[in-house]
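Student: let's see this in three dimensions:
(7 chains)
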Amino acid sequence: MTEPQHVTFEKGLARLEEIAERLGEAELSVEETIRLLREGKGLEQALRAYLETAERDLQEIEAGRGLTTFVIDRPTDA
Amino acid sequence: MTEPQHVTFEKGLARLEEIAERLGEAELSVEETIRLLREGKGLEQALRAYLETAERDLQEIEAGRGLTTFVIDRPTDA
Amino acid sequence: MTEPQHVTFEKGLARLEEIAERLGEAELSVEETIRLLREGKGLEQALRAYLETAERDLQEIEAGRGLTTFVIDRPTDA
Amino acid sequence: MTEPQHVTFEKGLARLEEIAERLGEAELSVEETIRLLREGKGLEQALRAYLETAERDLQEIEAGRGLTTFVIDRPTDA
Amino acid sequence: MTEPQHVTFEKGLARLEEIAERLGEAELSVEETIRLLREGKGLEQALRAYLETAERDLQEIEAGRGLTTFVIDRPTDA
Amino acid sequence: MTEPQHVTFEKGLARLEEIAERLGEAELSVEETIRLLREGKGLEQALRAYLETAERDLQEIEAGRGLTTFVIDRPTDA
Amino acid sequence: MSQRPVEAVAQSPSAIWRRIGGSLAELGGGVVEGEVQACKRAPSGHIYMDLADDEAKVACVIWKEHADRITTLPEPGQLIQARFSRVRTYPKGGSISLEVNAIRAAGEGELLRRVEETLTRLIADGLTDAARKPPLPRHPRRIGLVTGRGSDAEADVLRAIWDRYPPARISVCHALVQGVHAVASLVDALGTLDADPAVEVIVLARGGGSVEDLLPFSDERLCRAIAALSTPVVTSIGHTRQRPNCDHVAAACADVPGRAAELVVPSAEELRTRIGHAVEIGAGLAYGQLRDTAARIDRSAMRPAGEAVIGSRTSRVTLAGRTLDHRVGTATSAIDLRLRDGADALRTALTALPRPEHLDGTRAGLEASATALAHRLTLGHAQLSGAQRLIRARDWRERGFALVRLPGGAIVHDVGALAAGERITIQLKGGVLDASIDAVHPDETEPDA
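Tutor: Numbering: from 1, shown residues only, chains lettered A, B, ... in the order given. Here you go, the predicted structure:
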C-alpha cells in the first residue's frame, strides 16, 4: 500500500467533485475509471470521517467546551 | 488547553465582529469555521462577563461607591 | 483607596465638563468610560460639597496710608 | 506462434468492434474472415480476462478495500 | 493435360455457382454441358478441399487454439 | 468428295429428322431422294460417332478423370 | 483785553494798596461760590477758610458774631456759596479776604453741572471706553470690597455675594464714603486692595444719598484712580437720580448689591445645575455606551453557523459519493456489453463461414447435370435410330427397286436415253451391277398412266 496522501478538506472535496465529474464523462478508460474510483472512494471515506469529527467539534463548541479562553485586560488605573 | 489570550475589551469586541462577519462569508473552510466559532464563542463569553462587571461597576458608581476622591482646594492668596 | 486628588473648584468643574464631553466620544473604551464616570461622580460630590461651604472667609484690610488726620464724622448711610 | 501484441484495453475493444463490423461485411474472403476471427477471438479472450480483473477491482473498491488512503490535514491552530 | 487454373476461393465458388446455373438451362449443347461439367467438377473438388482446410482452422479457432495473442497493457499507476 | 459440313449435334440431329420426313414425301425426285439419303446417311454416321464420343467423355467425367484442374489461391498472410 | 499805558509816576506799595482798597470798596459786597479748602474755627471764634475753583482761590473770614451761627463747618471739597459784605485788604500781608456774613451749600443744579463737566473730560480722555476696561474674572480667588465701615452697603454686598456663592472669599477695606476726605480715603482703599494679587475684582459699594453726599464717587481723582487700577472694579452705588461718574469708568456697575454679586461671583445654584447636568450627561452616555456595546455583542453573537457549513459540505460529499457508487456499479457494464457484441459478431462470422457441406448441393447439381446429359445422349441414340429407320424405309433398294445410271453417273429416267451397247451401272439392294445394254425396247403404252 502506498503512502497516505495529505490533503486539506477543501482541496480533497474539490478533488472528489472533480473525480465525480470526470467519472460522468463517457470516454474514460476502465483503468482510469478504477483508478479514479479508488481515489474517490478513499477521499470520500476520509472526508466523511473529517466531517464527523467537525460535527463533534461543533457540538462541543455549542456546549461551550473547548473554546478559546480570553482574558479581557483591564488597563490599570493610573 | 492553550494559554488564555489577553485582549482589551475593545479589541476583543472588534475581533468578535470581524469573526461574525467572516462566518457570513461563503468560501470559509470547515477548519476555519470551527476555529472561528471556537474563538468567537470564547470571546463572546469573555466579553459578556466583562460587560456584566462593567455594569456592576456603573451601578456601584451610581450608588456613589468606589468613586475617585477629590478635595476641592480653596484658593490661597499666595 | 487612593489618595484624594486636590483640585481647585474651577479646574474640577472644567474637568467634570470635559469628562461629560469625553464620554460622548465614540472611540471611548468601556474601561475608560467607567474610569471617567468614577472620576466625574467623585468630582461631582466634591464640587457640590464645596459649594455648600458654610464658613465664610472675610478679611479686613486697613488701607495702607492710614489717614490719621481725618476728622471723623461718619455720615450715616442713607 | 508470433509475439504477443501489446494493446490498451480501449484500443483492443475498439479493434474488436472494428473486426466485428468487418466480419459483417458481405464481400469478405474466407481467408480474411479466418484471419480476423483469429485476431478477434484472441482479443476477446484478453479483453475478457482484463474485464474480470477490473470487476474484481471494482468489487474490492465497493467493499472499501484497496482504496487510496487520504489523511485530511487540519491546519494547526496557531 | 492442361495447366491448372489459379482462382481465389470466392471467385471459384462464384464460378461454380454460375456453372450450376448454366447447367440448369435447357438449351445447353452437349458439348457445352460436358465442358461445364468438366470445369464444375474440377472446381467443386478444389473448393471442397479448400473448405476442408478452412474447417480445420475454424475448429482450431473455436477451440481457442492458434489465436493471435494479446497483452492488455495497464498504464502504470503513478 | 465435298468439304465436310460443320454442324452441331443438335442441329445435325434436327436435320436428320427433317431429311427423314422429306423422304416420306411422294413427289420427291429420284435425284433428290438420293441426295437426301446420302446426306442422311452421312449425318447419321457423324451423329452416332459424336454420341459415342460424348458418352465416353461423360463416363470419364463421372469417373473424375479429365476434369479441369483448379488451384485455390490463398492470399498470403501479411 | 485792552492794554492800558503804564503811568509815568512811580507809587509806593502803600499808595497802591490805598488805591486797591478804594477800588475794592467800590466793588461792595456779593456772593462767591467755590470749593471749600482749608477751613477752621479759630480759638477767637472766627472762622477762616479758603474758597477755590480750578484756577484761583480766595480767602474768607467769618467774624465770630456770624461764625457762632454756623454749627457745622463746611468740609474741604464742599462746594458752598458765601455772602460777603466787602473785600478787606491786608497790605502788610499783601493779601485780601472776603468778610463773609453767611454761608450755604451750593445748589444741586450746580453740583450736577460740575459732575457733568468732569464726565465730559473723562470721556474725552477715553477712560469710559469699554475696550480699555479689564474683563471680570469668572471665579475670582478673592473679592475686594471698598465700602463704609459698618455700612448697610457692606452688609448688603457681603450677604448678596455669599448668598450667591457661599465659598466666596472677600477682603474688605473700609473707607470714608462722603465728605471732603472721602476721595482720598477711597483711592487709598482701592490702591491697597489692588496691591493684593489674590484680589481679582474689587467692589466699590455705597448706599444711596443726596447728590452732594455722592459727589466723591463722581470725583475726577477717584475716577482716574479706578481707571488706573489693574484690578477690575465693579461699582455698586445706591439709588441716585444720576449715575455717579465712577460707574462709567468701572469695569461694570450694579444698581443693587445683588447685581454686584452676580457680576463678581458665579451662582452656586447654576454651578450645581451645571455639575448635575454634566454628571447626568456623562452617566447617560456611559449607560448608552454599555447598551450599545451589549447590542454589538448580541449582534455578533455566535449563531450556529457551523451547521450550515458542515451540512453543505456533507451534501457535497454525499452527492459526489453517489456518483462514485453509481460508477462502481456501471463501470464495466457498458464495456461488457460491447465485448459481448464483439464476441457475438465473431461467433456469427464463424457460423456464417462456408463449410464443405455447402458444396454438396452444387455437387448434386453437377451429378444431375451429368445424369441429364447421359439421358440426353441415350435419347440422341434413339432419335438417331428412328431417323435411320425412316430413311432406310425410303430407300428404294430396300423395296427391290434399282437405279440405272450412265457411266457419267447421270440417272437414266427414260429408255430413250439409252442405246444398245452402252454401258450402264445398276444399283440394287446389296450392291451395284456393271452392265451393257443389249437391246432397247421402248414402251407402247404407259402401264401406269
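Student: switch to C-alpha atoms for all contacts and neighbour counts from now on
Tutor: Noted.
Student: now do the end-to-end distance for stretch G:324-340.
Tutor: Start-to-end span of stretch G:324-340 (C-alpha to C-alpha, to the nearest Å) is 25 Å.
Student: that stretch near chain E anywhere?
Tutor: No - using C-alpha under 8 Å from any C-alpha of the partner chain, we find that stretch G:324-340 stays clear of chain E, coming within 14.1 Å at best.
Student: what does that stretch rub up against?
Tutor: With contact meaning C-alpha atoms under 8 Å, 6 or more residues apart in numbering or on different chains, stretch G:324-340 is reached by A:20, A:23, A:30, A:33, A:37, A:40-41, D:13, D:16-17, D:44, D:47-48, D:51, D:54-55, D:58, D:61-62.
Student: now that stretch: buried residues?
Tutor: Within stretch G:324-340, the residues scored as buried using 16 or more other C-alpha atoms under 10 Å in any protein chain shown are G:324-325, G:327-328, G:331-332, G:335-336, G:338-339.
Student: and these as JSON lines, adding pLDDT and secondary structure?
Tutor: JSON lines is the format used below for these (pLDDT from 0 to 100; DSSP: H, G, I helix; E, B strand; the rest coil):
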{"residue": "G:Leu324", "pLDDT": "88", "secondary structure": "helix"}
{"residue": "G:Asp325", "pLDDT": "88", "secondary structure": "helix"}
{"residue": "G:Arg327", "pLDDT": "84", "secondary structure": "helix"}
{"residue": "G:Val328", "pLDDT": "84", "secondary structure": "helix"}
{"residue": "G:Ala331", "pLDDT": "78", "secondary structure": "coil"}
{"residue": "G:Thr332", "pLDDT": "81", "secondary structure": "coil"}
{"residue": "G:Ile335", "pLDDT": "83", "secondary structure": "helix"}
{"residue": "G:Asp336", "pLDDT": "86", "secondary structure": "helix"}
{"residue": "G:Arg338", "pLDDT": "86", "secondary structure": "helix"}
{"residue": "G:Leu339", "pLDDT": "88", "secondary structure": "helix"}
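Student: let me know the closest of the residues you listed to chain C.
Tutor: Checking these against chain C by C-alpha to the nearest C-alpha gives G:Leu324 as the nearest, at 56.2 Å.
Student: which residues of chain A lie near chain D?
Tutor: Contacts of chain A with chain D, taken as C-alpha under 8 Å from any C-alpha, map to A:1-9, A:12, A:29-31, A:34, A:37-39, A:41-43, A:46-47, A:50.
Student: hmm, which of those are the buried ones?
Tutor: Looks like these have A:7-9, A:12, A:29-31, A:34, A:37-39, A:41-43, A:46-47, A:50 buried, using 16+ other C-alpha under 10 Å.
Student: also near chain B: which of those residues, exactly?
Tutor: For chain B, the contacts drawn from those by C-alpha under 8 Å from any C-alpha are A:Phe9.
Student: among the buried ones among the residues of chain A next to chain D, which are in helices?
Tutor: Judged by DSSP state H, these include A:9, A:12, A:30-31, A:34, A:37-39, A:41-43, A:46-47, A:50 as members of helices.
Student: closest one to chain B out of these, please.
Tutor: Checking these against chain B with C-alpha to the nearest C-alpha, the nearest one is A:Phe9 at 7.6 Å.
Student: what does the pLDDT read for the nearest residue to the closest one once chain neighbours are set aside?
Tutor: Spatially, and ignoring its direct neighbours in sequence, A:Phe9 is nearest to D:Ile72 (5.7 Å; C-alpha to C-alpha, 6 or more residues apart in numbering or on different chains). Here the pLDDT value assigned to D:Ile72 is 89.
Student: and for A:Glu10?
Tutor: 89.
Student: over to A:Glu60?
Tutor: Predicted confidence (pLDDT) for A:Glu60: 89.
Student: mind showing which ranges of the stretch 151-300 of chain G have poor pLDDT?
Tutor: G:240-241 (pLDDT under 70).
Student: I am finished for the moment; much appreciated.
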